[in-house]
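**Q** With the input below, show me the fold.
(4 chains)
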Protein chains: 2
Amino acid sequence: MRTSEVAAQARVNPQTLRYYERRGLLPDPARSSSGYRSYGSEAVRLVRFIKRAQDLGFALDEVKSLLELAEGGPDRCEATRRLATSKMADLQGRIADLEAIRAGLARLVETCDQPRERRDCPILADISDDSDKEVHR
Amino acid sequence: MRTSEVAAQARVNPQTLRYYERRGLLPDPARSSSGYRSYGSEAVRLVRFIKRAQDLGFALDEVKSLLELAEGGPDRCEATRRLATSKMADLQGRIADLEAIRAGLARLVETCDQPRERRDCPILADISDDSDKEVHR
DNA sequence: CTTGACCCCGTACCCGAGTACAGGGTTCAT
DNA sequence: ATGAACCCTGTACTCGGGTACGGGGTCAAG
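**A** Next up, the predicted model:
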């Protein structure tokens, strides 16, 4: 597959592929005799993964390390385990945070019908209540 | 409270307060006779909320609308409900995504002990499997 | 054998979210 | 009454993550 084909299937700009390549997120693809990049179909999945991970709040460098984890070279097992474990804790915290916000919104929607003045808008209170909660991520 | 006091308590740079003010996320504070900003303690909670929401992947404009929701003026109830509801769906999707990644990492960690070659590294497969899953957010 | 649609590379530009800097005013402890 | 430590405004810079542009090569259909 050529660049623009991969880009179209992964719904990104062709330039973005070159960019990810430079950043080391995408392996350097094979080249045709004339120098054109030639990708296999994994490339599409890879790019989609990157995009999804990004949308979940991972920076490109983090995505890179996530990919290196998935790769999991035979030797780097301990490092991998540690990184994966801490990433999981991180995710756990972020999930909890999102759920708290969701719950706040749910309460808001529920009470939205009630007499104008007796509404419950607990988002602020729930989420940033005085506790010095650590920010996750 | 003066600017730098609020900033310290919310653990942000004082400049950031001015920036949020410009962006309309923070209400314009009262001013002393000499023009110094003078904040109440809600300001700290507000800024912390903004920071947390941001860490959860909301852009400042989204945070702004979240805050407007929480505010919930008596008249804008229907709009509020719609926005809150769609934001909830969005959150639901993102939570699911995070959980999928978390599960992938868990499997990876579990199988990490096993014979080097029989490891399960399903992150890629799980997350960006061929389904054209919509990206959330 | 040319023309339009692609590809290459390098460099430059854009946007969001801050952060810093310059030039000046205030406050307060000594 | 002076210096450190704050505050003000406006403008400029940084950084991450792209996106566009210029100048040139390639390839297949007509």
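**Q** so what's A:R31 up against?
**A** Residues in contact with A:R31 (Cβ atoms under 8 Å, 6 or more residues apart in numbering or on different chains) are A:37-38. To be clear about C-beta, it is placed using only N, CA and C from the backbone, and glycine gets the same treatment.
**Q** List the beta-bridge partners for it.
**A** Beta-bridge pairing of A:R31 under DSSP bridges involves A:R37.
**Q** Contacts only, for A:P27.
**A** A:P27 touches A:E21, counting by Cβ under 8 Å, 6+ apart.
**Q** tell me which element it falls in.
**A** Following DSSP states H and E, one finds A:P27 outside all helices and strands.
**Q** Relative to DNA strand D, how far out is it?
**A** Relative to DNA strand D, A:P27 is positioned 17 Å away (criterion: Cβ to the nearest atom of the strand, to the nearest Å).
**Q** ok, now A:S33?
**A** To DNA strand D, A:S33 is 6 Å away according to Cβ to the nearest atom of the strand.
**Q** Go ahead and report the secondary structure state at that residue.
**A** coil (DSSP: H, G, I helix; E, B strand; the rest coil).
**Q** Next, count neighbours for it.
**A** The number of residues packed near A:S33 is 5, by other Cβ atoms under 10 Å in any protein chain shown.
**Q** Quick check: A:Q54 touching A:V63?
**A** Yes: A:Q54 is within contact range of A:V63, at 6.4 Å (criterion: Cβ atoms under 8 Å).
**Q** Correct me if wrong: A:M1 contacts A:Y36.
**A** No: if you go by Cβ under 8 Å, A:M1 and A:Y36 don't touch, sitting 10.5 Å apart.
**Q** who has more neighbours, these two?
**A** Comparing A:M1 with A:Y36 by other Cβ under 10 Å, the one with more neighbours is A:M1, at 16 against 11.
**Q** how about the nearest residue to A:G24, chain neighbours excluded?
**A** Once flanking residues are discounted, A:G24 sits nearest to A:K64: 6.2 Å by Cβ to Cβ, 6 or more residues apart in numbering or on different chains.
**Q** okay, now that neighbour: neighbour count?
**A** 17.
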